[in-house]
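Engineer: Next one to model:
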Amino acid sequence: MGKYDRIKRYTKDPESGCWVWYGAEKVWYEGRMWYPTTLLWTLIKKEPVGPGMILRQLCATPSCVNPDHRERVPKDSPIQPYRWGSRR
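Structural biologist: Coordinates of the predicted model:
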């Protein structure tokens, strides 16, 4: 098993650009448990989410883990509606 095999548990939807996660709720990676969205953000964007920050989802697919469909915002920022369409 390769280093990234545990986190490649998603399929890419060519229509929406979403990476639909089908793995467990959390993933063991390099000695700790991660939420898939946070782990993929950290590995692909090459920056941590950071204390006091969260990843806001920009698409309407609940299981999407594509870092390009997230934005880093302060925890206390107001929730805004989805920007990339509506749920199917």
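
Engineer: first to last residue in stretch 8-25, what's the distance?
Structural biologist: Terminal residues of stretch 8-25 are spaced 13 Å apart (CA to CA, to the nearest Å).

Engineer: Can you give me the buried ones in it?
Structural biologist: Using 16 or more other CB atoms under 10 Å as the test for burial, stretch 8-25 gives 10, 16, 18-21. Placement of C-beta: from N, CA and C, glycine included.

Engineer: Tell me which of those residues fall in strands.
Structural biologist: 10, 19-21 (DSSP state E).

Engineer: okay if I get those residues as JSON lines plus pLDDT and distance to Thr37?
Structural biologist: Below are these laid out as JSON lines (pLDDT from 0 to 100; distance: CB to CB, whole Å):
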{"residue": "Tyr10", "pLDDT": "86", "distance to Thr37": "11"}
{"residue": "Trp19", "pLDDT": "93", "distance to Thr37": "10"}
{"residue": "Val20", "pLDDT": "93", "distance to Thr37": "12"}
{"residue": "Trp21", "pLDDT": "92", "distance to Thr37": "8"}
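
Engineer: now those residues as CSV including distance to Val65?
Structural biologist: Converted to CSV, these look like this (distance: CB to CB, whole Å):
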residue, distance to Val65
Tyr10, 6
Trp19, 5
Val20, 8
Trp21, 5
